[in-house]
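Visitor: Show me the folded form of this:
(2 chains)
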There are 2 protein chains.
Amino acid sequence: MKSTRPVIGIIGAGQLARMMIQAAIPLNIDVRILAKNPNDSAALIAPSVEIGDPSDEKAIVSFGEKCDFITLDHELVSLAGLESLLASKVSVQPTPKTLRFAQDKLYQRKSFQAAGFPVPSFKKIQILNDFVEFGDLHDWPIAVKAITGGYDGRGVWIIDNLEAAEKLLTETQGADIGLYVEEHVKIEKELAVLVARRPSGQLLTYPVIETRQEEGICHEAIAPAQISNSIAQRAKKIGIDVAEFTEAGGIVAIELFLKSDGDILINEIATRPHNSGHFTIDGTITSQFENHLRGVMDWPLGSTTMTSKFALMINILGTSEVDPSNQLPLNHTTDTAIHLYGKIARAGRKLGHITAVGENVEAAYRSAQELMRHLQ
Amino acid sequence: MKSTRPVIGIIGAGQLARMMIQAAIPLNIDVRILAKNPNDSAALIAPSVEIGDPSDEKAIVSFGEKCDFITLDHELVSLAGLESLLASKVSVQPTPKTLRFAQDKLYQRKSFQAAGFPVPSFKKIQILNDFVEFGDLHDWPIAVKAITGGYDGRGVWIIDNLEAAEKLLTETQGADIGLYVEEHVKIEKELAVLVARRPSGQLLTYPVIETRQEEGICHEAIAPAQISNSIAQRAKKIGIDVAEFTEAGGIVAIELFLKSDGDILINEIATRPHNSGHFTIDGTITSQFENHLRGVMDWPLGSTTMTSKFALMINILGTSEVDPSNQLPLNHTTDTAIHLYGKIARAGRKLGHITAVGENVEAAYRSAQELMRHLQ
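Guide: The predicted model follows:
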């Protein structure tokens, strides 16, 4: 059934889709969800849910044909399904062309390098000798990455020696996982630039974000990043250039390594809203989720200006089978906003986040950490 | 079906319910809606909608029995239905006892006066001579109000002379509308104090808000109100005392008249989130909608601190049958947040609102007015 409101279908029903649905309410958008499971984070709160597998071409087509626009919660979707919807004149953002940069990390590295973007040294791995050759040129340890499918630290291995490399190669070849290797960059800080872009070209950047990861999982983000203005400008420039090069529609997140010598390298990109930008719900005039929807529909973008001097976001990560939402009544006593995703607790799983905004970053930290103590 | 998440049922499906649903997402609450019509503002975006008439006792009971908590979008609900749910151990906030202050304005005036709160002089109207007696004591014009059912300027008449009074009395008696009369207060400013209160007693006030009404309809609100600190303190004190006196659960909004001599009188109260507090979505750490839900569930309240120095809210009022949501793609070019309610345009109808936040109120005005020019 077509609606007089614009209809956006979101493929996948994680917390990103959930926060897109929240952002869609004030825009008067008719949002629909393709969820693998009725208990998925976004399915719990969606006004319209269809159950189907995002990696299933038929499920995507049957779902998407009823929508004006299609966008994604995550990258693990059927490209053939998206291509088929495009052929049926459904607007798909990110497009399969854009999405490929996020789905295929080796393709991303190769095309970014060819375009002159700063990326770490890398090499595709096919046989053990590829490790030997790369190890001869670069110091061990080296970073080995899955070409597709990795996220939140999965699909990344830091390898100290050839013996470990051989073991990993055997295991991944057995599981049909393609690998590439890259230099293990010594990082001063990890940064992220979020760019909102309309397919027709308008583009806005959010303030540069500083992230802190543990074992590949984002633990916290501070905006604006505590870096010099010239580094911030260079980071933003890379972000803007990547958004244009990849022809992003909606949000594209560019994760960066800042080295101690001031050099910036591209770590990876996501062609959707990103964990590092969750602070924008409480800390900017227009959240990344609203601007993603605006970009997907090619609407004028909302202001990315911060409403406070600083914002701090901390992820609520599962530590056990205890669901922190049960403890929610006990905790909200500080100047923080809390966002729960409705997910069953599992160790290391992202269950929600908190945001503290304010005039100074230390005060924001104190508020956030006081709340986290109650949650854990 | 009971859920492991707390289940809040909202009776009525206007924009207040819609914004409560938005606030419920990050709290991981299972929200359900009793809507008169499937196209009602909140029904369009609700994950769970039951169709029924809020003034129908049976509809309320059948809907409410499946919920842990019941709250209201508006006052025009069956009290018998709420009483029956209370008897079935469903938690209802506001309680029928609290709700009566908002439903029956003459009861509100009488009980507030008896409790020593500052209210305008008033008198119940039964026969024409009641107007004569009141007119002898106070200057004409006088304000005549419907005891129940009025909102957004409906149910209020400013009457210049006895002839007009007689005409109104005849009309309203024919329609079975009870009346009272009160002094027509010469107003310097209109203020509103929003108080969030837990049934168990915790209570927080938002900054005092200044509102501008036209023909009884709220056109804009500025926070904090441009008034002296001592007036703000007196206004807050009245708000807190009213919240405690009425035993509010969730948000109670106290509309106040500020007279040129500095006196403050209570205009009226609403025992739910209020139009004057819509700025809190974008301008405070915890919105009135989230704190309403927290109060309804007797959860600790979130911070009512503003995230910017000033916030300005302007209602988008229908001027014709043109739906401004159709123009949305063309307009969002300033530092403002837009909130649409999904309602069909009708002259004078509240279709949405915009919020501008910032360091100075003039800049906020300029941003908001630039956007409004595009919308109208």
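Visitor: And the strands in the stretch 201-350 of chain A, which stretches?
Guide: Using DSSP state E, counting those that start in this stretch, the strands assigned to the stretch 201-350 of chain A run over residues A:203-205, A:209-214, A:217-223, A:250-259, A:264-270, A:310-317, A:336-340, A:350-358.
Visitor: Just tell me which of the ones you listed ends up closest to chain B.
Guide: strand A:336-340 (3.9 Å; CB to the nearest CB). C-beta: built from backbone N, CA, C; applies to glycine.
Visitor: Run me through the strand neighbours of the closest one, direction for each.
Guide: Strand A:336-340 has the following strand partners under DSSP bridges: strand A:350-358 (antiparallel).
Visitor: Can you pull out the low-pLDDT segments for chain A?
Guide: For chain A, the stretches flagged by pLDDT under 70 are A:1-3, A:320-334, A:374-376.
Visitor: where along it do the helices fall?
Guide: Counting by DSSP state H, chain A has helices at residues A:15-24, A:57-64, A:79-87, A:96-103, A:105-114, A:128-137, A:162-174, A:229-245, A:280-283, A:288-296, A:361-375.
Visitor: Who are the packing partners of the third one?
Guide: Where contact means 3 or more CB pairs under 8 Å, 6 or more residues apart in numbering or on different chains; DSSP states H and E, helix A:79-87 is packed against helix A:57-64, strand A:91-92, helix A:96-103.
Visitor: now it against helix A:57-64, angle please.
Guide: Per axes from the mean of the first three to the mean of the last three CA atoms, to 10 degrees, the angle that helix A:79-87 makes with helix A:57-64 is 30 degrees.
Visitor: quick one: contacts of helix A:79-87?
Guide: Outside of helix A:79-87, the residues within contact range by CB atoms under 8 Å, 6 or more residues apart in numbering or on different chains are A:56-61, A:64-65, A:70, A:92, A:95-96, A:99-100, A:103.
Visitor: surely A:Y206 meets A:T280?
Guide: Yes: if you go by CB atoms under 8 Å, A:Y206 and A:T280 touch, sitting 6.3 Å apart.
Visitor: more neighbours, these two?
Guide: Using other CB atoms under 10 Å in any protein chain shown as the criterion, A:Y206 and A:T280 rank with A:T280 on top: 32 against 29.
Visitor: okay but the more buried one is in contact with A:Q288, surely?
Guide: Yes: counting by CB under 8 Å, A:T280 touches A:Q288, with 4.6 Å between them.
Visitor: if I look at those two, which residues touch both of them?
Guide: A:194, A:206.
Visitor: What's the separation between A:A364 and B:D282?
Guide: 19 Å (CB to CB, to the nearest Å).
Visitor: how close does the residue nearest the centre of chain A sit to A:I338?
Guide: The geometric centre of chain A, computed from its C-alpha atoms, lies nearest to A:H274 (CA atoms, centre = their mean), at 3.2 Å. Taking CB to CB as the measure, A:H274 falls 20 Å from A:I338.
Visitor: phi, psi of the residue in the stretch 51-200 of chain A positioned nearest to chain B?
Guide: Ranked by CB to the nearest CB, the top residue of the stretch 51-200 of chain A for proximity to chain B is A:R198, at 10.3 Å. Per-residue torsions, A:R198: phi -90, psi 140 (degrees, to the nearest 10).
Visitor: go on, A:P94?
Guide: phi -60, psi 150.
Visitor: is it true that it touches A:I251?
Guide: No: with contact defined as CB under 8 Å, A:P94 does not count as touching A:I251 (9.2 Å).
Visitor: List the residues that are in contact with both of the two.
Guide: With CB under 8 Å, 6+ apart, A:P94 and A:I251 have common neighbours A:271-272.
Visitor: Can you give the distance of stretch A:264-279 from its chain's centre?
Guide: 5 Å (CA atoms, centre = their mean, to the nearest Å).
Visitor: Kindly report the same for stretch A:349-361.
Guide: 17 Å.
Visitor: Kindly report the same for stretch A:72-83.
Guide: Per CA atoms, centre = their mean, the centroid offset for stretch A:72-83 relative to its chain is 15 Å.
Visitor: Stretch A:117-131 now?
Guide: 24 Å.
Visitor: in that stretch, what's buried?
Guide: Using 16 or more other CB atoms under 10 Å in any protein chain shown as the test for burial, stretch A:117-131 gives A:117, A:119-120, A:122-123, A:125, A:130-131.
Visitor: Could you give the separation between the terminal residues of it?
Guide: 24 Å (CA to CA, to the nearest Å).
Visitor: Next: stretch A:91-99.
Guide: One end of stretch A:91-99 to the other measures 14 Å (CA to CA).
Visitor: That stretch and chain B, are they touching?
Guide: No: judged by CB under 8 Å from any CB of the partner chain, stretch A:91-99 and chain B are separated, with a smallest distance of 13.4 Å.
Visitor: Please spell out which residues along that stretch are buried.
Guide: Residues of stretch A:91-99 classed as buried: A:91-96, A:98-99 (neighbour count, 16+ other CB under 10 Å).
Visitor: likewise stretch A:172-183?
Guide: In terms of neighbour count (16+ other CB under 10 Å), stretch A:172-183 has its buried residues at A:172, A:177-183.
Visitor: Using a markdown table, lay out those residues together with distance to A:Q22.
Guide: Formatted as a markdown table, the buried residues of stretch A:172-183 follow (distance: CB to CB, whole Å):
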| residue | distance to A:Q22 |
| --- | --- |
| A:T172 | 38 |
| A:I177 | 35 |
| A:G178 | 36 |
| A:L179 | 38 |
| A:Y180 | 37 |
| A:V181 | 40 |
| A:E182 | 37 |
| A:E183 | 40 |
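Visitor: how about these, which pair is most distant?
Guide: Farthest-apart pair in these is A:I177 and A:E183; separation 20.6 Å (CB to CB).
Visitor: And the residue of the stretch 151-300 of chain A closest to chain B?
Guide: Of all residues in the stretch 151-300 of chain A, A:W299 sits closest to chain B, at 4.4 Å by CB to the nearest CB.
Visitor: Can you report how many residues neighbour that residue?
Guide: Residues near A:W299, counting by other CB under 10 Å: 21.
Visitor: distance of it from B:G342?
Guide: From A:W299 across to B:G342, the span is 17 Å (CB to CB).
Visitor: circling back to that earlier point, dump the helices and strands packed on helix A:79-87 to TSV, plus distance to B:R349.
Guide: Rendered in TSV, the data for the helices and strands packed on helix A:79-87 read as follows (distance: least, CB to CB, whole Å):
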stretch	distance to B:R349
helix A:57-64	34
strand A:91-92	31
helix A:96-103	41
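Visitor: gap between A:D261 and A:V185?
Guide: Distance, A:D261 to A:V185, using CB to CB: 11 Å.
Visitor: repeat for A:K97
Guide: 28 Å.
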